[in-house]
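>>> could you work out the structure for the sequence below:
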Amino acid sequence: MTAPSPAAVEPAPGLAGLLDELRWRGLLYAATPGLAARLATGRPIAGYNGFDPTARSLHAGNLVPIFGLIHLQRRGGRPVVVIGGGTGMIGDPSGRATERALLDAETLAANAAAIRAQLERFLDLGSGPGGALVVDNAEWLSRLSLIEFLRDVGKHFTVPYMLDKESVRTRLERGLSYTEFSYMLLQAYDFLHLYRTYGVELQMGGADQWGNITAGLELIRRVVGGGEAGSGEELAHGLCYPLLTLPSGEKFGKTAAGTSVWLDPELTSPFAFYQHWLNAPDADVPTYLRFFTLLGRAEIEALLAEGEARPEARVPQRVLARDLTARVHGAAAAERAERMAALAFSDEPVEEPELLEALWREADGFDVRPELRGAPVAVFLAETGLVASRSEARRLVAGGGVTINGRRPASHDEPSPSRSPDATGGSASGGGVGGRGASSRAADGRAPGSAAVPAVAWPGGERPPGSGPVAALEDADDLLGREGPLGEEDEKVVEEVGGFAGEGGPRR
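Numbers count the residues shown, from 1 in each chain. A predicted model of the protein is given here:
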């Protein structure tokens, strides 16, 4: 880990220090000429960022522009959020190699409602001059006729101007529909509408939005400024952030297969969200702390120094994970996720049934068949797949490598935890088991030794948990399908049952 490199000069208070704040945090990629001078005047300014509802949730990549809006509001600006209910029906080609699948109006409306609720968690929606405003561009784009759009917007842009935009150039060889080709004009019209209706002077977005942002400046210059060169810099401004990328260099977000980290708790649980940031590589943590927390420079530097001194404690990652999880999912969810993370890797038994159930879900836990409730520990471990075979389970138990309900079984044929059907309304429940030093607790939350142990049904009738030749026969079943030479313990199993025959004849 390394401390922030920009010069340690504290930004000026208010809007005058906004660009310096974003700069030292690494959140400033580019800004139009004149923006710094406009902010330095101290006059309130409204800035907007758009979010197209192409999915039912925002993702980790969206946190970059979200925090940009947070910093704007904290310094006295008014954040304006535009939900792209209209532009989402077209699809932005920026940063994409392929055409977007068009969504129907009903899906877009549902997505827009979900995203609006997520965004409202981050911003102050108060009624004052700095209160955040959330609007949907479907309100004005859906009323725009094609003839009106071509006459009032399209005539201000030449085809060469549009072809020169990077978002268009990178897609020409692979194919670009007229629908997506026209997207930048719709976004430009958004900026013009917001400028006229709400006095929005600043558009913000990711680095891949620079072409669309400057198209909006051009439209305002031509329509409002009378087409005079340079007047757009005085009327409106643009600012963009760097893109959050994967280690491969790809854009991080909802289109990166298998790596999406969603803000919706049903798509990425608070625990999984917490774990994602807790497991962040040391090299990425300085960036994440500056991007995704409101900690000051001195606080971040102190955390990074502690991380250097005690890397095994992962202190910066813990602060990052806790702070960001609380901001996205609430303080209670963050506290719960932190506790679950501690319990998942602790030898301490889990006392609360709710926490154990949550851990079971998050850890991709196993279901226990009813007939295994109360079965011998070795049978239970092998049949649930926690270990490869009953012989391995017996070796683990003998070596003290298994704990159940916070205690080590006295022998491999000790009954495993069970819950009485009367106590659960007939539902089956399995016990929590830890192997090789791990520890857990019965899924019903009972204290050790308090679970009822019903008889276990076996093929051919009932028998109590056993050992000796019967147990050896069970282990022999494990060996029948095994490839390769037998180990010392396996040979003992074969000796106990007098050998067994395979496809090639007797095997010893």
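
>>> can I assume residue 183 is in contact with residue 88?
No: Residue 183 sits out of contact with residue 88 when judged by C-beta atoms under 8 Å, with a separation of 10.4 Å. The C-beta positions use only the backbone N, C-alpha and C, and glycine is treated the same way.

>>> so between the two, which is more surrounded?
When residue 183 and residue 88 are compared for neighbours, residue 88 comes out ahead with 28 against 23, by other C-beta atoms under 10 Å.

>>> the residue lying closest to the more buried one once chain neighbours are set aside - how many residues pack around it?
Sequence neighbours aside, residue 52 is the residue nearest to residue 88 in space, at 4.1 Å (criterion: C-beta to C-beta, 6 or more residues apart in numbering). Residue 52 has 25 neighbouring residues, counting by other C-beta under 10 Å.

>>> correct me if wrong: residue 52 contacts residue 89.
No: using C-beta under 8 Å, residue 52 makes no contact with residue 89, being 9.1 Å away.

>>> any shared contact partners between the two?
Here residue 52 and residue 89 share no contacting residue, scored by C-beta atoms under 8 Å, 6 or more residues apart in numbering.

>>> using the three-state scheme, assign residue 134.
At residue 134 the chain is in strand, as set by DSSP: H, G, I helix; E, B strand; the rest coil.

>>> phi and psi next, for the closest residue to it other than its chain neighbours.
Leaving aside its sequence neighbours, residue 134 sits nearest to residue 81 (C-beta to C-beta, 6+ apart; 4.5 Å). Here is the backbone geometry of residue 81 (degrees, to the nearest 10): phi -100, psi 130.

>>> contacting residues around residue 81?
Per C-beta under 8 Å, 6+ apart, neighbours of residue 81: 48-51, 69, 116, 119, 123, 132-135.

>>> domain ranges for this protein, per the record?
14-241, 270-345, 365-463, 468-508 (automatic domain parsing).

>>> now the most centrally placed residue in the chain: how far from residue 268?
Nearest to the geometric centre of the chain sits residue 261, at 2.2 Å (C-alpha atoms, centre = their mean). The spacing between residue 261 and residue 268, counted by C-beta to C-beta, to the nearest Å, is 5 Å.

>>> what do these two both touch?
residue 276.

>>> any weak-confidence spans in this protein?
Applying pLDDT under 70 to the chain flags the ranges 1-9, 91-101, 167, 170-171, 175, 226-233, 247-259, 347-350, 363-367, 419-508.

>>> spell out the secondary structure type for residue 148.
Going by three-state DSSP: residue 148 is helix.

>>> burial of residue 146, as a residue count?
Residue 146, neighbours per other C-beta under 10 Å, totals 8.

>>> confirm residue 174 sits in a helix?
No: checked against three-state DSSP, residue 174 lies outside a helix; its state is coil.

>>> please tell me how far it sits from residue 180.
11 Å.

>>> between the two, who's got more neighbours?
residue 180 (20 against 10).

>>> of the domains of the chain, which approaches residue 351 most closely?
Counting by C-beta to C-beta, residue 351 lies closest to domain 365-463 out of the domains of the chain; the figure is 7.1 Å.

>>> quick one on the thing from earlier: relative to residue 17, how far out is the residue nearest to residue 88?
31 Å.

>>> for residue 202, phi and psi?
phi -130, psi 130.

>>> what about the closest residue to it other than its chain neighbours, which helix or strand?
Nearest residue to residue 202, sequence neighbours excluded (C-beta to C-beta, 6+ apart): residue 47, at 3.5 Å. Residue 47 is located in strand 46-51, with elements delineated by DSSP states H and E.

>>> can you name the residues in contact with the next helix or strand after that strand?
Toward the C-terminal end, the helix or strand that comes next after strand 46-51 (DSSP H and E) is helix 63-74. With contacts defined as C-beta under 8 Å, 6+ apart, helix 63-74 is touched by 18, 21-22, 27, 47, 49, 51, 58, 78-79, 81, 119, 122-124, 130, 132, 204-206, 239, 241-244, 291-292, 294, 324.

>>> helices - which of these land there?
18, 21-22, 119, 291-292, 324 (DSSP state H).

>>> between those, which has the most around it?
residue 18 (28 neighbours).

>>> with adjacent residues omitted, what lies nearest to it?
Closest to residue 18 by C-beta to C-beta, 6+ apart is residue 75, at 5.0 Å.

>>> quick one: stretch 267-285 to chain centroid distance?
Its chain's C-alpha centre and that of stretch 267-285 lie 7 Å apart, by C-alpha atoms, centre = their mean, to the nearest Å.

>>> could you work out the end-to-end span of it for me?
24 Å (C-alpha to C-alpha, to the nearest Å).

>>> list of residues touching that stretch?
Taking C-beta under 8 Å, 6+ apart as the rule, stretch 267-285 contacts 1, 56-57, 60, 247, 260-263, 265, 288, 304, 307, 311, 314, 316-318, 320-322, 324-325, 328-329, 333-334, 336-338, 340-341, 358, 361-362.

>>> list only buried entries from the residues you listed.
1, 56-57, 60, 260-263, 265, 288, 304, 307, 314, 316-318, 320-322, 324-325, 328-329, 333-334, 336-338, 340-341, 358, 362 (16 or more other C-beta atoms under 10 Å).

>>> one step back: what are the phi and psi values at the residue nearest to residue 18?
Torsion angles, degrees, to the nearest 10, at residue 75: phi -100, psi 10.

>>> tell me who's in contact with residue 132.
Contacts of residue 132 (C-beta under 8 Å, 6+ apart): 69, 73, 78-81, 120, 123-126.

>>> from these, which is closest to residue 374?
residue 120 (50.5 Å).

>>> once you drop chain neighbours, what's closest to the closest one?
Per C-beta to C-beta, 6+ apart, closest to residue 120 is residue 134, 6.7 Å.

>>> dump the residue contacts of that neighbour.
Residue 134 neighbours (C-beta under 8 Å, 6+ apart): 80-81, 83, 116, 119-120, 125.
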